[in-house]
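Undergrad: Build me a model from this:
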Amino acid sequence: MEWLFDRFATAPDRAAFVHDGRATTYGEAIAAIDAFGATLEQQGVQAGDKVAVLADYAPAVVCLILALARRGAIVIPLSRAAVVEEDAALLISGCDWFVTFDPENRDASFARRSIPVEHPLIAGLVAAGRPGLILFSSGSSGAPKAILHDFERIADKFRTARAATRAIPFLMIDHFGGINTVLGIASSLGTVVTVADRSVNAVCEAIAAHRVELLPATPSFLTLMLASGLHRKLDLSSLKRITYGTEVMPQSTLNRLIEAFPGVELQQTYGLSEVGVLRSQSRPDGSLWVRVGGEGFETEVRDGILWIRSRYAMLGYLNAPSNIDAEGWFNTQDRVEVDGDYIKILGRVTDIINVGGQKVYPAEVEDVILALDNILDVAVIGEAHPLLGQIVVAKVALQAPEDPDALKRRIRIACRAALSAFKAPSKVVVTEDSLHTARQKKIRRA
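TA: Next up, the predicted model:
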């Protein structure tokens, strides 16, 4: 990865990070990476050691992760809102060192933590002298899986520099999309603007204060942002591009984004922790059709399911059989429609609701409900039923209190008018609980 550090050295005075209102230059970042390298030497961290890092985005955290990769260590980033419990994660991955940053993510404390776990994939990576990255899936459709990547291979995707930009790494540090965003920004000598939390207020205030140009977010977050009205109260005119991915975007939310940000490029992205993030191009008609691929990626649609072959794919799972076939193809489990070079993502196979043998995609029902008045957010799930197999249940968050019977009636009327009758929710549940995970993805569990 020396090419990355050489690139940093070409722009020593350019801002690499803005954290707590203070800028850190690329020159300062190089100095911090070198200083962490010396600390790792002093502590006795060796190539091939598994090092868990508990933190959130900050200059020091990113510099430590890069110093660990430079040393050939296996990095296990963990956040304080992790999708898997710390102890459970480390029992799967193993651990040699545990690094904790203070709440401000400035100072790091190193501690020996010996959790010996042997795995042939890790042994092969270490034998090759390559740095590693272990991430955990969200476990939304089962137990979390530990995903092993060759860190250097992930970084190599960014050897060709793109235009520099100022961006917020919205997805968390223990998420592949978050690591991908930071590497993409830094490799092009852009500026990473961190936020104290991923609330709508904090993100919008950071955009306004630091003239952020790129916001990578989830459809769930963007739905809440539009409902908050903060885009009208704060100056978000610096935004040039909003990207959205990790879950299906409701067309109603996309239509409202187009209206709210008429001069901003809206780009659908697509990627998975197992294969990486593909290049994408949204069709310029305001629809959800998107073209995905790019150098190092191949795609196929088999029986309506998207398959991907990637140069940047994981080495495998540490606690499950790999679902990459002998020819390198990965079954995404995403059902899609095809129109020429474009695809439309309908939803994950595991999220489909089966009502008496009829398929219901949660996103299509959510799209109708989100367009109704007084709906802040909605999550549609399947609930077991003795005769039909499953029924459709809509969990809704309201902007203001409303009579439950009247609410259910108008939701069912709207859904029956726009969709087949069996797709209309049999139950409507009003909730004040969050409908999203810490990663701002829709919760589709009962």
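Undergrad: Show me what counts as buried in stretch 93-109.
TA: S93, G94, C95, D96, W97, F98, V99, F101, N105, A108 (16 or more other CB atoms under 10 Å). Backbone N, C-alpha and C define where each C-beta goes, glycine included.
Undergrad: I'd say the first one and K50 touch.
TA: Yes. Applying CB atoms under 8 Å, one finds S93 in contact with K50, separated by 6.2 Å.
Undergrad: between the two, what contacts are shared?
TA: Counting by CB atoms under 8 Å, 6 or more residues apart in numbering, the common neighbours of S93 and K50 are I74, I76, I134.
Undergrad: Give me the three-state assignment for E118.
TA: coil (DSSP: H, G, I helix; E, B strand; the rest coil).
Undergrad: so what pLDDT did it get?
TA: Here the pLDDT value assigned to E118 is 91.
Undergrad: and it, what is it in contact with?
TA: G94 are the contacts of E118 under CB under 8 Å, 6+ apart.
Undergrad: follow-up on the earlier one: from the shared contacts of S93 and K50, which land in strands?
TA: I74, I76, I134 (DSSP state E).
Undergrad: need these in CSV with pLDDT and distance to E259, can you?
TA: CSV is the format used below for the ones in strands among the shared contacts of S93 and K50 (pLDDT from 0 to 100; distance: CB to CB, whole Å):
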residue, pLDDT, distance to E259
I74, 97, 46
I76, 96, 42
I134, 97, 42
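Undergrad: out of these, who's nearest A16?
TA: I76 (23.6 Å; CB to CB).
Undergrad: give me the beta-bridge partners of that closest one?
TA: A52 (DSSP bridges).
Undergrad: before we move on, what about V392?
TA: G382.
Undergrad: all strands of the stretch 201-350 of the chain, in order?
TA: Ranges of strands within the stretch 201-350 of the chain are 214-217, 241-244, 265-268, 270-272, 276-282, 290-293, 297-302, 305-310, 316-317, 329-339, 342-348, based on DSSP state E, counting those that start in this stretch.
Undergrad: Show me what the longest one packs onto, helices and strands only.
TA: Right, the one you point to is strand 329-339. strand 297-302, strand 305-310, strand 342-348 (3 or more CB pairs under 8 Å, 6 or more residues apart in numbering; DSSP states H and E).
Undergrad: pLDDT averaged over that strand, what's the number?
TA: pLDDT averaged over strand 329-339 gives 94.
Undergrad: ok, and what's touching that strand?
TA: So strand 329-339 is contacted by 272, 274-275, 289, 300-301, 304-310, 313, 323-325, 343-350, 352, 361 (CB under 8 Å, 6+ apart).
Undergrad: Can you select the buried ones from those in ChimeraX?
TA: For anyone working in ChimeraX, the buried entries among the contacts of strand 329-339, judged by 16+ other CB under 10 Å, can be selected with:
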select :272,274,275,289,306,307,308,309,310,313,324,343,344,345,346,347,348,361
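Undergrad: Tell me the confidence at L257?
TA: 96.
Undergrad: can you check I443 too?
TA: pLDDT at I443 comes out at 72.
Undergrad: Do a quick rundown of the helices in the protein.
TA: Taking DSSP state H as the criterion, the chain carries its helices at 2-9, 26-43, 59-71, 86-93, 120-127, 151-156, 176-187, 200-210, 219-228, 230-233, 251-260, 362-370, 404-418.
Undergrad: Quick one: those as TSV, columns for distance to A424 too.
TA: Shown next, in TSV, are those (distance: least, CB to CB, whole Å):
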stretch	distance to A424
helix 2-9	52
helix 26-43	54
helix 59-71	47
helix 86-93	39
helix 120-127	47
helix 151-156	44
helix 176-187	34
helix 200-210	30
helix 219-228	21
helix 230-233	32
helix 251-260	17
helix 362-370	8
helix 404-418	4
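Undergrad: Next, format the ones in strands among the shared contacts of S93 and K50 as CSV and append neighbour count.
TA: Shown next, in CSV, are those (neighbours: other CB atoms under 10 Å):
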residue, neighbour count
I74, 27
I76, 28
I134, 26
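Undergrad: May I see those arranged in a markdown table, with distance to S434 as well?
TA: Formatted as a markdown table, the ones in strands among the shared contacts of S93 and K50 follow (distance: CB to CB, whole Å):
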| residue | distance to S434 |
| --- | --- |
| I74 | 33 |
| I76 | 26 |
| I134 | 27 |
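Undergrad: and which of these is nearest G356?
TA: The closest of those, once distances to G356 are taken by CB to CB, is I134, at 42.3 Å.
Undergrad: which strand residues sit across from the closest one in the sheet?
TA: On the basis of DSSP bridges, I134 is bridged to L148.
Undergrad: what bits of the stretch 301-446 of the chain have low per-residue confidence?
TA: 438-440, 444-446 (pLDDT under 70).
Undergrad: can you do 90?
TA: Scanning the stretch 301-446 of the chain for pLDDT under 90 picks out 323, 347-351, 356-357, 385-389, 432-446.
Undergrad: Okay, and the beta partners of the closest residue to T39 other than its chain neighbours?
TA: The spatially closest residue to T39, leaving aside those adjacent along the chain, is F110, at 7.4 Å (CB to CB, 6 or more residues apart in numbering). When assigned by DSSP bridges, F110 has beta-bridge partners V99.
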